[in-house]
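Trainee: Return a 3D structure for these sequence lines:
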Amino acid sequence: MDVAIVSRSGKSLGTFSLATDSTLKDLKKIFHSKHRKYYPERQYFTIGAGKEKTALKNDKSKLKDLGVQNGTKLVFKDLGPQVAWRTVFLAEYFGPILIHALVYFLPQLVYRVDFEKSHVQRVALGLVLLHYLKREFETVFIHRFGNETMPVFNIFKNSFHYWILGGANIAYFLYHPKFTQHRSNLEVNICAVAIILCILGNFWTHIILRNLRPAGSNVRKIPRGFLFEYVSCPNYSLEILEWIIFAYMTQTLTAWIFTIIASGQMWIWAVQKHKRYRKEFDGKQGRDKYPYRKVLIPFIL
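Mentor: Below is the predicted model of the structure:
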C-alpha cells in the first residue's frame with residue numbers, strides 16, 4: 001500500500017510504499033531513510049482531521065489496525081531532539097544526591113564555617129540520600145518505560161524541580177549553621193522510621209507495577225494487592241506522606257514548599273492515571289473490571 005505523508009503546514013514529505021502487514025515501526029524506518037534528520041524517536045504521526053484526528057501509537061501495531069489503508073494521508077510532526085527517559089530520570093535524581101552531600105559535608109565551601117551538625121540534620125541527610133538512591137536503583141533495575149524518549153528540553157525543565165527545589169532550596173537552609181532543631185531526638189527518630197516505611201512501601205508498589213508489564217510490551221493490567229486495593233496510585237500516596245513527615249520533622253519552610261509543589265503535581269498525575277484506569281477497564285467484567293477505589297487517600301479522596 002502507498003501512504004502519503006505531509007507536514008502540519010500541508011507540505012508533501014513523500015509517498016511511501018509498504019507491505020499491507022507493515023507496522024508503525026516499519027513506517028518510521030522508511031521515513032527516516034528519506035529524511036535522515038528525523039530519526040524514529042522524533043516522529044509523530046496523526047490520521048484524520050478535526051474531531052476525527054487520532055495519533056498513531058505503539059510501534060509494534062500494524063498500520064492497518066491503526067486505520068491506515070492504501071492512499072491514506074498522514075500528518076507528520078517533529079517532536080524535536082529526544083533523550084531516553086531513563087537518562088532523564090538518572091540526571092534528575094543525581095542532583096539532590098550531589099547537592100545535599102556537598103552542602104552537608106563541605107560547610108566551609110558553602111557557609112564559610114565548619115560546625116557540628118544536629119541530630120535532625122544528620123538524620124535528614126540520610127533520609128534524602130536513601131530516597132534518591134532508591135530512585136536511581138529503580139530507574140536502572142525496576143522501571144519499564146512505555147515511552148522510550150522525551151524531548152531533550154525536558155531534562156532541564158524536570159531537573160529544576162529536583163536540583164533546585166528539592167536540592168539547593170532545601171539543603172542550604174536545612175544544613176545551615178544557624179538551623180534550629182525543633183523536634184526532640186525521639187520525635188525525629190519516630191519520623192525517620194515512618195519515612196523509611198513509606199520509602200519501602202513505595203518501592204513495593206513499583207515492584208507490583210513492574211510485574212504487570214512483561215518486558216518489551218505495552219500491556220496494561222489492573223494493579224492489585226497491597227494498597228492498590230484501596231487507591232489507584234499508592235506510590236504517590238506514600239511519597240506525599242513521606243515528604244509531609246520530612247517537612248514536619250525538619251520544620252523548614254523550603255521543605256514545606258517542595259512538599260506542596262510535589263504533592264500538587266503527584267495529585268494531577270494520580271487523577272489522570274485514575275481516569276485512564278476507569279476509562280480502560282470500567283466496561284469490562286469480572287477481574288478485568290476496574291474495582292471501586294479512591295485516587296490517593298483510602299475511602300476519602
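Trainee: Would you map the helices across the stretch 151-300 of the chain?
Mentor: Secondary structure of the stretch 151-300 of the chain (DSSP state H, counting those that start in this stretch): helices at 154-159, 169-174, 185-212, 234-250, 253-281.
Trainee: residues in contact with the residue positioned nearest the centre of the chain?
Mentor: For the chain, the residue sitting closest to the mean C-alpha position, by C-alpha atoms, centre = their mean, is residue 89 at 7.8 Å. Shown in contact with residue 89 (C-beta atoms under 8 Å, 6 or more residues apart in numbering): 135, 139, 143. The way it works is simple: take the backbone N, C-alpha and C, and place the C-beta from them, glycine included.
Trainee: Now for residue 123, how many residues are close by?
Mentor: Counted with other C-beta atoms under 10 Å, residues neighbouring residue 123 total 22.
Trainee: quick one, strands of the chain?
Mentor: 2-7, 12-17, 43-47, 54-55, 73-78, 82-84, 149-151 (DSSP state E).
Trainee: Turn the ones you listed into TSV, columns for mean pLDDT, distance to residue 240 and mean neighbour count.
Mentor: Below are these laid out as TSV (pLDDT from 0 to 100; distance: least, C-beta to C-beta, whole Å; neighbours: other C-beta atoms under 10 Å):
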stretch	mean pLDDT	distance to residue 240	mean neighbour count
strand 2-7	95	43	16
strand 12-17	95	45	13
strand 43-47	95	33	18
strand 54-55	92	31	12
strand 73-78	95	35	17
strand 82-84	89	27	16
strand 149-151	84	24	18
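Trainee: With distance to residue 201 as extra columns, can I get those strands in CSV?
Mentor: CSV is the format used below for these (distance: least, C-beta to C-beta, whole Å):
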stretch, distance to residue 201
strand 2-7, 47
strand 12-17, 49
strand 43-47, 37
strand 54-55, 35
strand 73-78, 40
strand 82-84, 28
strand 149-151, 27
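Trainee: mind checking which of the ones you listed is nearest residue 238?
Mentor: strand 149-151 (24.7 Å; C-beta to C-beta).
Trainee: follow-up on the earlier one: closest one to residue 52 among the helices of the stretch 151-300 of the chain?
Mentor: For residue 52, the closest of these is helix 253-281, at 18.9 Å, according to C-beta to C-beta.
Trainee: what's the domain layout of the chain?
Mentor: Domains of the chain are assigned by automatic domain parsing as 2-80, 83-288.
Trainee: about what we covered before: between the helices of the stretch 151-300 of the chain, which gets nearest to residue 8?
Mentor: With C-beta to C-beta, the closest approach to residue 8 among these belongs to helix 154-159: 21.1 Å.
Trainee: name the helices or strands packed onto that closest one?
Mentor: Helices and strands touching helix 154-159, by 3 or more C-beta pairs under 8 Å, 6 or more residues apart in numbering; DSSP states H and E, are helix 85-105.
Trainee: In the helix it packs on, which residues are buried?
Mentor: Buried positions in helix 85-105, judged by neighbour count with 16 or more other C-beta atoms under 10 Å: 85, 88-89, 91-97, 99-100, 102-104.
Trainee: Tell me which two in those residues are the farthest apart.
Mentor: So, those by C-beta to C-beta: farthest apart are 85 and 104, at 29.6 Å.
Trainee: thinking again about what came up before, in JSON lines: the helices of the stretch 151-300 of the chain, plus distance to residue 301.
Mentor: Output for the helices of the stretch 151-300 of the chain, formatted as JSON lines (distance: least, C-beta to C-beta, whole Å):
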{"stretch": "helix 154-159", "distance to residue 301": "26"}
{"stretch": "helix 169-174", "distance to residue 301": "26"}
{"stretch": "helix 185-212", "distance to residue 301": "18"}
{"stretch": "helix 234-250", "distance to residue 301": "10"}
{"stretch": "helix 253-281", "distance to residue 301": "9"}
